[in-house]
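> Please find the sequence and the predicted model below.
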Amino acid sequence: MPEEPVFNTFRRQPLRPFFSLREFQIGLGTLVVLVAAAGWVVWRGAHPDPTLFAVDDQLLSGKGGTITVYERPVAPWVEPGSAASSAGPRLDPFPATVVSPGWRLSAPPQMFDEGNLYSKIDGRETFYKSYGFKKLHCLSLSTTEPAGLGIDLELFDLGSVQNALGALSAEISDPATVVTLSGQSLWYVTRNGGFLAQGRYYARLLGSDDHETVRQKIAGLRDALLASLPGESLPWAYELFVGRLRLSPSRIQYFAENAFSHGFANDFYAAGLPGGDAELFVSRRASDAAARELADKLAEGFAAYGQRVGDGGAADRRGRSIMAGAARPGRRTRQTAAADVSAERFSGRTAGRGEDARHRARRAA
């Protein structure tokens, strides 16, 4: 049986032998309509109607008295029987006195926590978290006259007075900065800024310009914050360093953990002694045994950088001597003291100052 072809062998020829005249006319008419529509669209785009989006003035003024253009937001809830709050935004934890004549809010207050701190302080997030960061409250002020001046307020809740004082001291860039100890607070000012620590709070007042108006406002903000923020007694180390050794508060630093890069060394205070020949480190422990154990660990840790030079001491490869010893400041308190002294400065003109610094550290401890 011969095979029949399945596909059309006349590939270039249609299977229909002819086309009807009407079919041709309909196709030609459809093509003309499409070309005409495309031409109209092009022409209309080049000749738009100027009154297409115009609105009759009567439509705008005819019912203007009955149309509500702006609707106030819902008012905040006020407990019945309590005093109504002011119309302005809440500034907590900032006192209301931060807004004074000549100054206004540039933006509503903001609050950042551990989850979104990076969006405000990118690159410094780890620093503040190392000092027990809890929250950051931000507020921006600007002048009404003269215009163009501003101050950013940053209030850090660091959880404890030790962390707040430690963050303030760690951010002092100039060793000659004059830091004022006033009651339960520490503060200092710069040409266009102010910094203070009181209680668990650390505040930064950052002015936009070195201008007298900015400096006066920063002084007022400092006083307002010191009067409103809750205070706590300063740590015991400040009595030692400031009260007994007469050191500037700017020399005191706090290390919550990993002091001297040792994992066991936590809760340490440090202060440079006058002359720059010695640095005193102190840490309180609950008992004599715990203080002695910490002193021994420090001596062993420091000896890893050089060699032992005596009981409780070590010297590194550059000749610096480390002295660690237990001390008892009172019946109920214990502390461990370690002094980092440069032996190279115990000669010539600075010998007296170096020896005097070392003896003062030992007597204070």
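In hand now; what should we look at?

> which residue sits closest to residue 214, ignoring its sequence neighbours?
Closest residue to residue 214 in three dimensions, ignoring its sequence neighbours and counting by C-beta to C-beta, 6 or more residues apart in numbering: residue 207, at 3.8 Å. Placement of C-beta: from N, CA and C, glycine included.

> so how far is residue 95 from the one you found?
Distance from residue 207 to residue 95, counting by C-beta to C-beta, to the nearest Å: 19 Å.

> So for these two, which sits in the more crowded spot?
For residue 207 versus residue 95, the count of surrounding residues by other C-beta atoms under 10 Å is larger for residue 207: 22 against 14.

> Okay, now the unreliable bits of the chain?
Within the chain, the stretches falling below the threshold (pLDDT under 70) are 1-17, 57-89, 276-277, 305-365.

> okay, now the domains of it?
The chain resolves into domains spanning 96-228, 236-364 when parsed by automatic domain parsing.

> isn't residue 169 right next to residue 247, touching?
No - between residue 169 and residue 247 there is no contact, the gap being 12.0 Å when judged by C-beta atoms under 8 Å.

> quick one on the thing from earlier: residues contacting the residue nearest to residue 214?
By C-beta atoms under 8 Å, 6 or more residues apart in numbering, the contact list for residue 207 reads 149-151, 192-193, 214-215, 217-218.

> Chain neighbours aside, what residue packs nearest to residue 257?
In space, and not counting its chain neighbours, residue 257 is closest to residue 266: 4.4 Å by C-beta to C-beta, 6+ apart.

> The one you found reaches residue 259, doesn't it?
Yes - the pair residue 266 / residue 259 is scored as a contact, 6.8 Å apart, by C-beta under 8 Å.

> any residues in contact with both of those two?
Applying C-beta under 8 Å, 6+ apart, one finds that residue 266 and residue 259 are jointly contacted by residue 283.

> quick one: which of these two has more around it?
Comparing residue 266 with residue 259 by other C-beta under 10 Å, the one with more neighbours is residue 259, at 21 against 13.

> now the more buried one: how far from residue 279?
Distance, residue 259 to residue 279, using C-beta to C-beta: 12 Å.

> Next, show the common contact partners of the two.
Contact criterion C-beta under 8 Å, 6+ apart; residues bridging residue 259 and residue 279 by contacting each: residue 270.

> between the domains of the chain, which gets nearest to residue 38?
domain 96-228 (51.8 Å; C-beta to C-beta).

> and the closest one, how far apart are its ends?
For domain 96-228, the separation between the terminal residues is 10 Å (C-alpha to C-alpha, to the nearest Å).

> Tell me if residue 34 really is in a helix.
Yes - for residue 34, which was evaluated using DSSP: H, G, I helix; E, B strand; the rest coil, the result is membership in a helix.

> Measure how buried it is and give me the count.
Residue 34 sits with 10 neighbouring residues when counted by other C-beta under 10 Å.

> Next: residue 185.
24.

> Which stretches in this structure count as strands?
Using DSSP state E, the strands of the chain run over 103-112, 135-143, 150-157, 180-182, 185-189, 193-198, 201-207, 252-255, 268-272, 278-285, 306-310, 313-316, 320-327, 334-342.

> In CSV, list these along with distance to residue 42.
Formatted as CSV, the entries for the strands of the chain read as follows, by distance: least, C-beta to C-beta, whole Å:
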stretch, distance to residue 42
strand 103-112, 50
strand 135-143, 53
strand 150-157, 54
strand 180-182, 78
strand 185-189, 70
strand 193-198, 64
strand 201-207, 59
strand 252-255, 77
strand 268-272, 81
strand 278-285, 84
strand 306-310, 89
strand 313-316, 86
strand 320-327, 87
strand 334-342, 85
